[in-house]
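1. Sequence and predicted structure, then a few things I'm wondering about:
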Amino acid sequence: MLHISEYGKICNKYPEKAREIQTGALNTVAPESEVFIESTAEGNSGYFYDMSMRAMANEEMGKTLSPMDYKFFFYPWFIDPTYELTDDFAITQETCDYFAELKRNEYIQKQYPSISF
């Protein structure tokens, strides 16, 4: 088993280290092993971005995954009701813009159609 944490951040800030992980750690994993890569995406380029986009495309096409394919999992914070505030609070323009962007995101719309912003 291999667990890689914050790979998106590594790919964004340290592309040479990301290449070492890609060519060193990931290329040595046996087909029957499990790989867990968890991260917050940071930008729209790099190994993590490419892996995530490929996994999302495979899911959308309904592709049967091989033992060497990655399965995409997304656990957004906004589906957990314990993260909701019950008190009044001021909403900044930055927060409004963030939720407007989430609302436009096609992946989120397809995966979580019951969520309202």
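-> Perfect, thanks for sending it. Values in this document were obtained by computation on a predicted structure and should not be read as measured data.
2. Neighbours of Pro6, how many?
-> Just to correct that, residue 6 is Glu rather than Pro. The local packing of Glu6 (other C-beta atoms under 10 Å) involves 15 other residues. Where C-beta positions appear, they are placed from N, C-alpha and C, glycine not excepted.
3. again, but for Lys9
-> Using other C-beta under 10 Å: Lys9 sits among 16 other residues.
4. That one in helix, strand or coil?
-> helix (DSSP: H, G, I helix; E, B strand; the rest coil).
5. before we move on, what about Pro31?
-> For Pro31, the secondary structure call by three-state DSSP comes out as coil.
6. Now do the phi/psi pair for it.
-> Per-residue torsions, Pro31: phi -60, psi -30 (degrees, to the nearest 10).
7. Just to check, it is in contact with Met68?
-> Yes - Pro31 is within contact range of Met68, at 6.1 Å (criterion: C-beta atoms under 8 Å).
8. helix, strand or coil for Phe36?
-> Phe36 - assigned by three-state DSSP - is strand.
9. Show me this structure divided up by domain.
-> Taking automatic domain parsing as the domain assignment, the ranges for the chain are 1-73, 77-117.
10. so what's the nearest residue to Ala25 once chain neighbours are set aside up against?
-> Leaving aside its chain neighbours, Ala25 sits nearest to Leu2 (6.0 Å; criterion: C-beta to C-beta, 6 or more residues apart in numbering). Residues in contact with Leu2 (C-beta atoms under 8 Å, 6 or more residues apart in numbering) are Ala25, Leu26, Val29, Ser33, Glu34, Val35, Phe36.
11. Next one: the third one relative to Glu20, how far apart?
-> If you measure Val29 against Glu20 using C-beta to C-beta, to the nearest Å, the figure is 15 Å.
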